[in-house]
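Chemist: return atomic coordinates for the entry below.
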Amino acid sequence: MSREKVLDRSGLLKEAAARRAGGQAIVFANGAFDLLHAGHVRYLEAARRQGDWLAVGVNSDASVARAKGRGRPIVPEAERAEIVAALACVNAVVIFEEDSPVGLLGELKPDVHAKGTDYTAETVPERTAVAAYGGRTVIVGDPKGHATTDLIARIRGR
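Modeler: Model (predicted):
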């Protein structure tokens with residue numbers, strides 16, 4: 001079932017359009033989700049509460065490597081997408097290649113773009129793009145107390 005929720009970009013846009021036509025509010029969240037942890041789950045559950053249908057953008061392996069550096073991601077993109085899709089709060093997952101989800105946001109035009117608490121309303125990089133089409137940006141999840149980078153360091157004994 002979780003693999004069925006992993007869509008390509010056109011499939012995501014088609015499914016979101018159908019949901020929107022049915023009156024559902026679309027929420028979008030994104031991230032690398034490398035070594036899924038409680039902070040990720042809390043972020044996605046809180047994002048889902050912002051609307052009716054949650055789409056999650058998972059950064060591709062190449063975009064994670066550019067953002068996080070050599071040796072990342074630990075888990076390949078297809079597996080990260082499948083793991084995120086397995087969460088009950090997630091309705092659809094798409095892997096995106098870009099370093100920023102701005103292009104995908106412009107195509108999807110979710111009613112709500114949810115970001116984690118490592119941001120403030122003023123520091124969300126995509127806020128201007130979301131506001132331009134009439135969407136809103138919200139900060140959700142618990143305080144930033146979990147990080148994949150910290151988990152990797154603990155595993156490696158650093």
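Chemist: name the helix or strand for the most centrally placed residue in the chain, please.
Modeler: The centre of the chain sits closest to Asn30, judged by CA atoms, centre = their mean, with a distance of 1.7 Å. Assessed by DSSP states H and E, Asn30 sits inside strand 26-31.
Chemist: counting neighbours, which bits of the top helix by length along the chain end up buried?
Modeler: Longest helix of the chain, by residue count under DSSP state H: helix 9-21. Buried residues in helix 9-21, counted by 16 or more other CB atoms under 10 Å: 9, 12-13, 15-16, 19-20. All C-beta atoms are positioned from the backbone trio N, CA, C, and that covers glycine.
Chemist: swap in stretch 24-40?
Modeler: 26-36, 39-40.
Chemist: Val138 against Pro110, yeah?
Modeler: No - between Val138 and Pro110 there is no contact, the gap being 10.9 Å when judged by CB atoms under 8 Å.
Chemist: more neighbours: those two, which one.
Modeler: More neighbours surround Pro110 than the other of Val138 and Pro110, with 25 against 18 (other CB atoms under 10 Å).
Chemist: now the more buried one, nearest residue through space, not along the chain?
Modeler: Phe28 (3.8 Å; CB to CB, 6 or more residues apart in numbering).
Chemist: which ones are touching that neighbour?
Modeler: 54-57, 101, 104-105, 108, 110, 112-114 (CB atoms under 8 Å, 6 or more residues apart in numbering).
Chemist: check Gly31 too.
Modeler: 40, 43, 56-59, 116 are the contacts of Gly31 under CB under 8 Å, 6+ apart.
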